[in-house]
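Undergrad: task: produce atomic coordinates for the following.
(2 chains)
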There are 2 protein chains.
Amino acid sequence: MMAQEVIAKKRDGLELTGDEIGGFISGYVRGEVADYQASAFLMATYIRGMTARETAALTRAMANSGETLDLIAGGIPADAPTLDKHSTGGVGDKTSLIVVPLMAAAGAFVCKMSGRGLGHTGGTLDKLESIPGFRIGLSPDEMVRQVRKIGACLAGQTDTLAPADKKLYSLRDATATVGCLPLIVSSILSKKLAAGAKSFLFDVKVGDGALIRTVEEAEALAHALVDGAVASGRRATAVLSDMDAPLGNAIGNALEIDEAISLLSPSVPDAKKNPRLKEICLTLAGEALSLCGISASPETGRNYAGTLLQSGAGLEKLRDIILAQGGDADVIDNPAKVLPQAPVLLPFVADTAGYIRKISARRVGEIVVRLGGGRERKEDKINPSVGMVLAKSIGGMVQRGDTIAVIHASSVSAAQEAATELRKSVQIGDMMAPPSPLIGNVLRK
Amino acid sequence: MMAQEVIAKKRDGLELTGDEIGGFISGYVRGEVADYQASAFLMATYIRGMTARETAALTRAMANSGETLDLIAGGIPADAPTLDKHSTGGVGDKTSLIVVPLMAAAGAFVCKMSGRGLGHTGGTLDKLESIPGFRIGLSPDEMVRQVRKIGACLAGQTDTLAPADKKLYSLRDATATVGCLPLIVSSILSKKLAAGAKSFLFDVKVGDGALIRTVEEAEALAHALVDGAVASGRRATAVLSDMDAPLGNAIGNALEIDEAISLLSPSVPDAKKNPRLKEICLTLAGEALSLCGISASPETGRNYAGTLLQSGAGLEKLRDIILAQGGDADVIDNPAKVLPQAPVLLPFVADTAGYIRKISARRVGEIVVRLGGGRERKEDKINPSVGMVLAKSIGGMVQRGDTIAVIHASSVSAAQEAATELRKSVQIGDMMAPPSPLIGNVLRK
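TA: Modelled structure (predicted):
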């Protein structure tokens, strides 16, 4: 099998065999297939597509391209409810920080590896690193040990798992082959397969602030992810959820940690919690508890998750995780004291009375990146303290002068620049516009 | 302009601007665009195609990616008839060795850069190097000086001309993007544009032994080449010619030099010259003389070329070229003494009486490669003495035992192996089958 022949077959729109795909990927990881051959393959795949069978073969080849986590060898019982969660990413999406502790509190084992923020979307790792001392760089052994002991870890993707994905992913950005379903699916699934859980929960974000803008594309991705997981012997559920508006009130790394702690805190009154954030966390947790067999149905799972939220069991589990990973666990009780604070707080007020009709998630994400809270390039450093906290949501009524958001910035000029941009991103009108439905279709297999 | 954006536009089937293509190519030559980005671009181009405007822009960008020959600055008058010739390659194709001297003898200036053989097709450079001392590695200055002095050179492509083509060409082989019209056209034309002649003669080979198998594809290529040349302010003619059977009697490097000398020699009787080889050389020379304005029409050009052949002026010009490039010019008068001779000559005889219906050019080419006369990989060394000389042509009648060809080999076993293969490549039947027409459509612009 020569690399050229595999490329030519895909170029001509023919279906590749599992052996052909496997040989190409393992050759690529060994360095026998060059980057320029892989990128020709990626472009041919982008244009010609892949069958479900090819996508499954590509996923398996990538999953097996390096080390795989063996949870059972690490002491987690073979029949234990092991779970993984993946969000396709958005603005203000801190659900992993809430759902993973709730799952562990319910007795699930969640070895969760996350990514960093890039472009307008945030990343769980960046958020966690705003907690002083928090260590995201766990070895595979450390991860499994921690998961066995306390039920969860929140760590960075290791280089040894699915190295083919790492190599291909960095090529895709430079070769305009990012937005291609079989490549997206195999990238997500291969890492999940290598991480060893039996059930996968996918949160597929759709809208202005997500990578995927239309419900049709999101449903196609949800189907492909769930089918791909099932083809590899796993159980999976995909939830479509809205990303037209930012999720929750806080956008920015430390600010999102603060909001996650607040949502998990029984002492914080419900009126101070963002209802959409709470709703999606309970939905995801309910689906996950049902998926991995702890609860009989998504509904009973959701109720159970609500109980764990109210009892503070979720918050205590988050404390355990922070402690286990070297973070300052005092953040749970005194977030304002422990988390970095921006020096400048600038309220952003309504310049007219009316209903808030739109808060663009994408533009809010971009504003936070410009404030220093995200990355435009991989090598950029981020400032964990900056961002914004929304005081109003879509559909809410404001009077002229009411605070819509508070901008957290490193300087007055940066805050003012953000306010100018935010003015273009928030629409106020005479007629009330209800927010987009939060939860779309749920796909269970 | 970012490389990704250019790739994405081509990926989506949109037309690129000249600036976008120019920026991409110059970025690639400067090393700012990576090989893996170029290969993604090549694959997108392979699948999506290019408009005539895009192909012209790509051609210009490649032509201008390095040095260009300035014939006028080198002392060749601005209104002089400068000509270049390109054959798409075949088996036994030694027309450049005959047509270029005839053109120079007629007063044209021909700075001809050729390639090496790869796969089953031969290369002019390899053939020339079978003449002891012959130097193909002329600098651009040396080429122009020689062309001004004696009207022609036969040299290797230099690294400084159209370096973008060299870089892209080596990528295409490894990424399954060879057989793509805009890429083929821009590769051929960019080198010709950089070499500075005003008129281009294209010999587009079609058939079993050519890179292009069908007349439709050959016509598409001929049109694209001629249109592209005209779009860049040159005149051009394309001749379609047959490559189902090997061209001429000799296949193999030294053997083809011998045949070229023989065809140019007035002392060799016409009966000993291969009629199809003579026919195509006179056709090409006639078209070329008309194209560059030396003759009033292809017909008068052809007559003029015939005169130069009969007078020995073409042969003397070949002698001048060999002398100028350090070769042993005694090869003109004593080819058998000067050219390397294979130690084993094995006649291949008819095993039955009948008409020769087929001699597969491709398979004959492959047999000569296996005898050592060609390359399967670029790094292979070749043996200039081996090959075969056909004694019969398609349509000819044989009796059992008649010699069809003489195999020139380095060993008896190699010769016998070649004979076994040749047996499968020559068809003899009861009914006479005329050979395919030698000359197809001619496209003049």
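Undergrad: if I read this right, A:Ala38 contacts A:Tyr28, doesn't it?
TA: Yes: contact criterion C-beta atoms under 8 Å: A:Ala38 and A:Tyr28 qualify, at 5.2 Å. C-beta coordinates here come from the backbone N, C-alpha and C atoms, glycine included.
Undergrad: mind checking which of these two has more residues around it?
TA: Neighbour totals were compared for A:Ala38 and A:Tyr28, and A:Ala38 leads with 27 against 24 (other C-beta atoms under 10 Å in any protein chain shown).
Undergrad: and the more buried one, what pLDDT?
TA: For A:Ala38, the pLDDT comes out at 97.
Undergrad: look at it and tell me its secondary structure.
TA: For A:Ala38, the secondary-structure state derived from DSSP: H, G, I helix; E, B strand; the rest coil is helix.
Undergrad: which parts of chain A sit against chain B?
TA: A:3-5, A:7-8, A:11, A:34-40, A:42-44, A:46-48, A:171, A:173-177 (C-beta under 8 Å from any C-beta of the partner chain).
Undergrad: ok, what's across the strand from A:Met114?
TA: That one is not Met; residue A:114 is Ser. Beta-bridge pairing of A:Ser114 under DSSP bridges involves A:Gly156.
Undergrad: who are the contact partners of it?
TA: A:Ser96, A:Gly123, A:Thr124, A:Leu125, A:Leu128, A:Ile136, A:Leu154, A:Ala155, A:Gly156, A:Gln157 (C-beta atoms under 8 Å, 6 or more residues apart in numbering or on different chains).
Undergrad: and with 10 Å instead?
TA: Residues counted as contacts of A:Ser114 (C-beta atoms under 10 Å, 6 or more residues apart in numbering or on different chains) are A:85-87, A:96-97, A:100, A:123-128, A:136, A:154-157.
Undergrad: ok, now A:Ala250?
TA: Here A:Ala250 is in contact with A:92, A:94, A:127, A:256-260, A:262, A:274, A:277, A:387-390, A:406, A:408 (C-beta under 10 Å, 6+ apart).
Undergrad: show me those residues that map onto strands.
TA: A:Gly387, A:Met388, A:Val389, A:Leu390, A:Val406, A:His408 (DSSP state E).
Undergrad: which strands and helices sit next to the host helix or strand of A:Ala61?
TA: In this structure, A:Ala61 sits in helix A:52-63 according to DSSP states H and E. Contact analysis of helix A:52-63 by 3 or more C-beta pairs under 10 Å, 6 or more residues apart in numbering or on different chains; DSSP states H and E lists helix A:18-30, helix A:35-48, helix A:163-174, helix A:181-194, helix A:215-231 as its packing neighbours.
Undergrad: what's the angle from it to helix A:35-48?
TA: Angle of helix A:52-63 versus helix A:35-48, following axes from the mean of the first three to the mean of the last three C-alpha atoms, to 10 degrees, is 150 degrees.
Undergrad: got the angle between helix A:52-63 and helix A:18-30?
TA: Using the same axes, to 10 degrees: helix A:52-63 against helix A:18-30 is 30 degrees.
Undergrad: helices and strands around the next helix or strand after helix A:52-63, which ones?
TA: Proceeding N to C from helix A:52-63, the next assigned helix or strand is strand A:82-87, under DSSP H and E. On a contact count with 3+ C-beta pairs under 10 Å, 6+ apart, strand A:82-87 meets helix A:95-105, strand A:109-114, helix A:181-194, strand A:199-206, strand A:235-242, helix A:275-291.
Undergrad: list the neighbouring strands of strand A:82-87 plus their orientation.
TA: In the sheet, strand A:82-87 lines up with strand A:109-114 (parallel), strand A:199-206 (parallel) (DSSP bridges).
Undergrad: flag every buried residue along it.
TA: Neighbour counts over strand A:82-87 (16 or more other C-beta atoms under 10 Å in any protein chain shown) mark A:Thr82, A:Leu83, A:Asp84, A:Lys85, A:His86, A:Ser87 as buried.
Undergrad: thinking again about what came up before, same list, the helices and strands packed on strand A:82-87, but as JSON lines with mean pLDDT please.
TA: Converted to JSON lines, the helices and strands packed on strand A:82-87 look like this (pLDDT from 0 to 100):
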{"stretch": "helix A:95-105", "mean pLDDT": "98"}
{"stretch": "strand A:109-114", "mean pLDDT": "96"}
{"stretch": "helix A:181-194", "mean pLDDT": "95"}
{"stretch": "strand A:199-206", "mean pLDDT": "97"}
{"stretch": "strand A:235-242", "mean pLDDT": "97"}
{"stretch": "helix A:275-291", "mean pLDDT": "97"}
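Undergrad: deepest of the ones you listed, which one?
TA: Highest mean neighbour count among those (mean count of other C-beta atoms under 10 Å in any protein chain shown): helix A:95-105, with a mean of 27.
Undergrad: now the common contact residues for A:Ala38 and A:Tyr28.
TA: In contact with both A:Ala38 and A:Tyr28: A:Ala3, A:Ala164, A:Lys167, A:Leu168, A:Leu171, using C-beta under 10 Å, 6+ apart.
Undergrad: of those residues, closest to chain B?
TA: A:Leu171 (5.8 Å; C-beta to the nearest C-beta).
Undergrad: all helices for the stretch 251-400 of chain A, in order.
TA: Using DSSP state H, counting those that start in this stretch, the helices of the stretch 251-400 of chain A run over A:253-264, A:275-291, A:298-311, A:313-324, A:335-338, A:361-368.
Undergrad: surely A:Phe348 is in contact with A:Ala419?
TA: Yes: here A:Phe348 reaches A:Ala419: they are 5.2 Å apart, a contact under C-beta atoms under 10 Å.
Undergrad: just give the nearest non-adjacent residue to the most centrally placed residue in chain A, would you?
TA: Nearest to the mean C-alpha position of chain A, by C-alpha atoms, centre = their mean, lies A:Ser87 at 3.5 Å. Among residues not flanking A:Ser87 along the chain, A:Asp203 sits closest, at 4.1 Å (C-beta to C-beta, 6 or more residues apart in numbering or on different chains).
Undergrad: check contacts around the one you found.
TA: A:85-90, A:93, A:95-96, A:99, A:222, A:237-241, A:243, A:280, A:283-284, A:287.
Undergrad: distance check, it against chain B.
TA: Distance from A:Asp203 to chain B, counting by C-beta to the nearest C-beta, to the nearest Å: 27 Å.
Undergrad: with A:Ala250 instead?
TA: Applying C-beta to the nearest C-beta, the value for A:Ala250 to chain B is 32 Å.
Undergrad: and that residue, bridged to which residues?
TA: Taking DSSP bridges as the rule, A:Ala250 bridges to A:Val389.
Undergrad: pull the CA atoms of stretch A:204-217 into PDB?
TA: Provided in PDB are the C-alpha atoms of stretch A:204-217 (Å, rounded to 0.1, in the frame of the first residue of the first chain):
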ATOM      1  CA  VAL A 204     -23.400  19.900  20.300                       C
ATOM      2  CA  LYS A 205     -23.500  23.700  20.300                       C
ATOM      3  CA  VAL A 206     -25.300  25.400  17.500                       C
ATOM      4  CA  GLY A 207     -25.600  29.100  16.700                       C
ATOM      5  CA  ASP A 208     -23.800  32.300  16.200                       C
ATOM      6  CA  GLY A 209     -21.200  31.600  18.900                       C
ATOM      7  CA  ALA A 210     -20.600  28.000  18.000                       C
ATOM      8  CA  LEU A 211     -18.300  26.400  15.400                       C
ATOM      9  CA  ILE A 212     -21.600  25.100  13.800                       C
ATOM     10  CA  ARG A 213     -24.200  27.700  12.800                       C
ATOM     11  CA  THR A 214     -27.100  25.700  11.600                       C
ATOM     12  CA  VAL A 215     -29.300  23.100  13.300                       C
ATOM     13  CA  GLU A 216     -29.000  20.800  10.200                       C
ATOM     14  CA  GLU A 217     -25.200  20.700  10.500                       C
END
